[in-house]
Structures are given as structure tokens and as C-alpha cells.
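**Student:** Need coordinates for the below:
(2 chains)
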Amino acid sequence: MNLPIYLDNNATTPMDPRVLEAMLPYFNAKFGNAASRNHAFGWAAEEGVDYAREQVAKLIGANEKEIIFTSGATESDNLAIKGVFEMYKDKGNHIITCVTEHKAVLDACKHVEKLGAEVTYLPVKSDGLIDLTALEAAFTEKTILVSIMYGNNEIGVIQPIKEIAAMTHKHGALFMTDATQAVGKIPVDVNADGIDLMAFSAHKMYGPKGVGALYVRRKNPRVKVTAQMDGGGHERGMRSGTLNVPGIVGLGKACELCRLEMDSEAKRLSALRDKLQTSLTVLEESYVNGNTEHRLPHVANISFKYVEGEGLMMAMKDLAVSSGSACTSASLEPSYVLKSLGLSDDLAHSSIRFGLGRFTTEEEVDFAIEQTKKAVNHLRDLSPLWEMFKEGIDLDKIEWAEH
Amino acid sequence: MAYSEKVIDHYTHPRNVGTLDKSSTAVGTGLVGAPECGDVMRLQIQVDENHVITDAKFKTFGCGSAIASSSLATEWLKGKSIDDAMKIDNMDIVEELALPPVKIHCSVLAEDAIKAAINDYRVKNGMEALELPKSHH
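**Tutor:** From the prediction side, this is the model:
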């Protein structure tokens, strides 16, 4: 077992060696520009891209013509939201999204607000799921787009996508989802789910960084987005720029591997995740954040009350995890996602996200359990709050000097 | 962000972790910070009849730099008179631990904790609490 152990697979994943192998020829022998239609170099590159497009489409049940390659999910989110707003603004200017979305969605919404859009930011329930009644009530005659993420990056909760999509279509709007954390991890089918636009990226599913895709529906309805970058009119005019051929080939291979291995991998990971969660919640005053039934198989977000996340991570020095504590940021604000669940700031500061992945072994999980337990106990020995809690002092009744 | 060696040393081997009897008149207790801000420090001093600090203990809820700042503070306090201890400046802590700018608030909190502990001792022993500059974090 090599240390440190990587348990931050929601941030990024290591590349699968099989993906790297598929990409390598496209860095040298097959270096051509996929848009060069008149010679063998261009054809070889184009062939690689076409094949990748099929691999990507197959994973999500789409037609290959519906895949627009981009630089990643952030770009895809931007293209979808800004592009839909620009294309459909004569039809309406109202967009519905949710407070726990990734910043790429929230900030793209803020951007179109400045251009005249009206955006509803739906709250979430304490388990992280949106309330469908609240969604239903949010629609207006001017609603053109609903953007709700598939699986959350911090807590892993899976939104009721089918129901949201059906409701959206009933109101004549388009449904977009940021599925960066879900694609390749759980079955995602654009037709069965009713998705019109979907953003995802390669590096969250054992592919390379810097490449992703936007699924744009071509039939029932035919969806169009206004390009956000001017140029050669690549990708059906929606995303100009010479194609990142090795990256795209890598994304394709990553999608294929996920499709073939997803069923067994999801089972293996959820068993390991459950073991980790069960063992750690044995610790007093530890709480799992978010819905545990509708959740990605590889994520567990746990708050260990009375210890601070960043200090805790320092004690878990052989584990690479992440925390909802933002002690390093100037604002000192903890995770907005955790706060949206109604978590108090101190519990949000005390959270650790464990993100397991394809290369996580049971031995590593066992090690992580032991080191986390030790770290929590060590820091509680140092924590004045833990001591006060043990003495039965109600911490909420203390007047803290906010700083 | 990488931590300095001194922060890691204090974090891994914190000095003077513990609790003194806060009801004793010879003990001053400072509890500063707030759980929702992600750091709370409790610093305690044991003071002899000559107003010299003979022992200091801390417990801290916070990041590595906050723990290291309070651990260092307890080391510095021992053997100092309460008047000299009042002169400990947060920038001395920043320098000693090589804290980066985003962690300066940890040192400020440690300075606040020192002053709060001394004032608690002063008030308990019939002295006037010293006017503190408004906390600057």
C-alpha cells in the first residue's frame, strides 16, 4: 500500500492506464487536425474523434451527433446556460436552478441575470434534495430552462432527475443537468431521463483533464445553443476551436470503460463506502451529510462535531480528502452546499468528504478508517468544545465573540 | 498550502494541552473565537503571588495554525510576569511560525486569548481589566 492514500475522487480521478494507452498515438503518429479533410493525417485524427464520439454517446444513450466536445464541464455548463438564454430569450427569460449547484452553473446564471434573465434559486431540503412542489411552483410562463445537477459534488446526493425533467417539459421548458459527478458512476440515459442538455467531463471518470462534453438534444425537441466562442464553426457551429484529439480519444475510452465496468464497480465502491461510513459513524457525535438513499456509490460526507475540518485533515496526513471547512479562504465561510442543508457553521466546518474511486482498495479503506478515528480522537483531546460538550455545557447558550 | 515545519511540530506535539481549575483565583481563563468561524481557543494561566505565570494550558478547536499558535503562546507565557505577557504581539507569533497571510487571524486569536486570560486573572484579584484594542480580525 502506497501512502498517501487518494480519497478525493470527487475532485479529480487518476487516469486509467488503458485510457492513457488509447491516447498516446494521438500525441505523435496521429497528430493531425481532425478538421483537415484532405489528407491522411486529418483522416486519422477524425477517425479517432468519431470513434470517441460513439463511445461517449453510447454511455449516455445518445446519438453521436448530439455530443459537443468542450474543454470540460465548466465550459459545458457555461455554453448550455448562456447559449440557451441567448438562443431562447425571445421566448422567455426565466431560468430555474438550485442553491447547491456547482459554481460553474451558479455563476453562469449570475452572468445571464446581468443580461436580463430572471433566475430562481431553489432551496434544498435538509437531505440535499430539491422539493418538487417548490419546483412546480417556481415555473412561470417565461421559464425557458431548468438546470439541476444530477449528483452533488460535495455530498453525492442524486436529484430525482426523471421527475424534474418531466415537470420541466410539461411547462414547455428545456431541462439541463450538470452530470459531472454522475456520468460513468451510475446509469445515466438522456432519453429515459428526459435530459435536453447535459454537461460532464473526462477527468472525473479516469480520463484526462481539459476535456469534456455537452450533450445537446437533436430530436424532440431539437435544442440549439448560441456559440460562446467565435471561430471555425466546429462541433456543429456550437463550439469553435481545433479539437483536442488526444483528450477526446481519452474521454471516449474513459466512457467505454465506465460503461463496461459500471455495474460491478458501483457495487464494489458502495460496499467499501458503506464500510467506511459505518465504521466512522461509530464515533460519538458524527453525522452523515445528505440523503444516504439517493446517493452516488463512492461518496460519504461526514461531520465530526467539535473538531475543525482543516485541523483534522492535517492529522489525517496519509489521507487525501477534502473538507467543507474553508479556513484557508479569506472569508472563513464554510461550504455553501452544507450550509444549504441547514447545517450550522460549526458542523460545516467539521466535515470531511471521502471520495472513493476505481483504484481504491479495501486495505486502503481499512487504513483510512483507523487513521481518521485516531485523528478525530486526537483533535477532540485538544478541543475545548469537546471538553465543554462532555461537561454538559450547552454551546449554543454561550455568547461567542464572532470574529 | 504547505505548513511550515514549526507549525507541524507544534501541531504534532502540542505543548501544554490541558485544563486548569478555572474557579481558582490564581488561574486566569481566556476563551475566544466562535465555533461558526471555525476556531475557538481556550488559554489558561496559573499565576503566583508575584504575578508571574508559572503554568499555562490550552485547548483549541481550529486548523493546524490555530493549534500551533496557541501551543506556542503557552510556551512563551511560562515564566513571564503578567505585564510582560501583555506585550506579546500577534506578529511575533506570525514570525516565529512563518504563518502565511491567510493564517494571520490565528495569531490574532492567540493574542486575544492571552489578553483575555490575563484580564480574567486581574479582575479575579481585584485589579482593573486592561482596556483592549478592539479585536482586529
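**Student:** excluding its backbone neighbours, what's nearest A:Ser383?
**Tutor:** Leaving aside its sequence neighbours, A:Ser383 sits nearest to B:Phe61 (CB to CB, 6 or more residues apart in numbering or on different chains; 4.5 Å). Using the backbone N, CA and C atoms, a C-beta is placed for each residue, glycine as well.
**Student:** Please tell me the pLDDT value assigned to residue 9.
**Tutor:** No chain specified, so I'll use chain A. If you check A:Asn9, the pLDDT there is 97.
**Student:** hm, I was asking about chain B
**Tutor:** In this model, B:Asp9 carries a pLDDT of 94.
**Student:** For it, what are phi and psi?
**Tutor:** Per-residue torsions, B:Asp9: phi -60, psi -50 (degrees, to the nearest 10).
**Student:** Can you say which helix or strand has the closest residue to it other than its chain neighbours in it?
**Tutor:** Leaving out its chain neighbours, the residue that sits closest to B:Asp9 by CB to CB, 6+ apart is B:Ala68, at 7.9 Å. Following DSSP states H and E, one finds B:Ala68 within helix B:64-77.
**Student:** did I read that right, B:Thr19 in a strand?
**Tutor:** No - B:Thr19: not assigned to a strand; according to DSSP: H, G, I helix; E, B strand; the rest coil it is coil.
**Student:** pretty sure it is touching B:Phe58, no?
**Tutor:** No - when contacts are counted by CB atoms under 8 Å, B:Thr19 is not listed as touching B:Phe58 (9.3 Å).
**Student:** okay, and the common contacts of the two?
**Tutor:** Any residue near both B:Thr19 and B:Phe58 by CB atoms under 8 Å, 6 or more residues apart in numbering or on different chains counts here, and that gives B:Gln44.
**Student:** The two - which one has more neighbours?
**Tutor:** Taking neighbours as other CB atoms under 10 Å in any protein chain shown, B:Thr19 and B:Phe58 compare with B:Phe58 leading, 29 against 14.
**Student:** Tell me the secondary structure at that one.
**Tutor:** Classification of B:Phe58 using three-state DSSP returns strand.
**Student:** residues near the residue lying closest to it once chain neighbours are set aside, how many?
**Tutor:** Once flanking residues are discounted, B:Phe58 sits nearest to B:Ser70: 4.3 Å by CB to CB, 6+ apart. As a burial measure, B:Ser70 scores 34 neighbours (other CB under 10 Å).
**Student:** likewise A:Gly116?
**Tutor:** The tally of other residues near A:Gly116 (other CB under 10 Å) stands at 9.
**Student:** Output the worst-scoring helix or strand of chain A on mean pLDDT as PDB - backbone C-alpha positions only.
**Tutor:** When the helices and strands of chain A are compared on mean pLDDT, DSSP states H and E, helix A:345-349 comes out lowest with a mean of 86. Extracted in PDB, the C-alpha atoms of helix A:345-349 (Å, rounded to 0.1, in the frame of the first residue of the first chain):
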ATOM      1  CA  ASP A 345     -21.500  26.700  10.500                       C
ATOM      2  CA  ASP A 346     -19.600  24.700  13.100                       C
ATOM      3  CA  LEU A 347     -20.900  21.400  11.700                       C
ATOM      4  CA  ALA A 348     -20.000  22.500   8.200                       C
ATOM      5  CA  HIS A 349     -16.500  23.400   9.500                       C
END
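**Student:** Give me the mean pLDDT for the next helix or strand along the chain from that helix.
**Tutor:** Note on helix A:345-349: by DSSP H and E, the next helix or strand toward the C-terminus is strand A:351-355. For strand A:351-355, mean pLDDT is 96.
**Student:** Next: stretch B:67-83.
**Tutor:** 96.
**Student:** residue ranges for the strands of chain B, please.
**Tutor:** Assigned by DSSP state E, the strands in chain B fall at B:27-34, B:39-47, B:53-61.
**Student:** Quickly note the distance from A:Asp16 to A:Gly247.
**Tutor:** With distances taken as CB to CB, to the nearest Å, A:Asp16 is found 14 Å from A:Gly247.
**Student:** between these two, which one's more packed in?
**Tutor:** Applying other CB under 10 Å to A:Asp16 and A:Gly247 shows that A:Gly247 carries more neighbours, namely 23 against 20.
**Student:** Just to check, B:Glu128 is in contact with B:Asn119?
**Tutor:** No - in this structure B:Glu128 lies outside contact range of B:Asn119 using CB under 8 Å: 9.2 Å.
**Student:** Between those two, point out the one with more neighbours.
**Tutor:** Taking neighbours as other CB under 10 Å, B:Glu128 and B:Asn119 compare with B:Asn119 leading, 20 against 8.
**Student:** do you know how far the more buried one is from chain A?
**Tutor:** Look at B:Asn119 and chain A: by CB to the nearest CB, to the nearest Å, they are 13 Å apart.
**Student:** who's in contact with that residue?
**Tutor:** With contact set as CB under 8 Å, 6+ apart, B:Asn119 has these partners: B:28, B:30, B:129-130, B:132.
**Student:** Kindly recompute the last result at 6 Å.
**Tutor:** Counting by CB atoms under 6 Å, 6 or more residues apart in numbering or on different chains, B:Asn119 makes contact with B:Ala129.
**Student:** quick one, the longest helix seen in chain B and strand B:27-34 angle?
**Tutor:** The longest helix of chain B (DSSP state H) is helix B:104-124. Angle of helix B:104-124 versus strand B:27-34, following axes from the mean of the first three to the mean of the last three CA atoms, to 10 degrees, is 140 degrees.
**Student:** Could you check the angle helix B:104-124 makes with strand B:39-47?
**Tutor:** Here the directions of helix B:104-124 and strand B:39-47 differ by 40 degrees (the same axes, to 10 degrees).
**Student:** Distance from the chain centre to helix B:104-124, please.
**Tutor:** Relative to its chain's centre, helix B:104-124 lies at 6 Å (CA atoms, centre = their mean, to the nearest Å).
**Student:** Which parts of chain A are strands?
**Tutor:** Going by DSSP E, chain A shows strands at A:5-6, A:67-70, A:94-98, A:118-122, A:143-147, A:174-178, A:197-201, A:212-216, A:286-288, A:299-304, A:319-320, A:322-323, A:351-355.
**Student:** weakest of these by average pLDDT?
**Tutor:** Confidence, taken as mean pLDDT, is least for strand A:322-323 of these (a mean of 90).
**Student:** for that strand, the distance to its chain's centre please.
**Tutor:** Centre-to-centre, strand A:322-323 and its host chain are 15 Å apart (CA atoms, centre = their mean).
**Student:** Then stretch A:36-55?
**Tutor:** 29 Å.
**Student:** What residue in the stretch 1-150 of chain A comes nearest to chain B?
**Tutor:** Residue of the stretch 1-150 of chain A nearest chain B, by CB to the nearest CB: A:Pro4 (13.7 Å).
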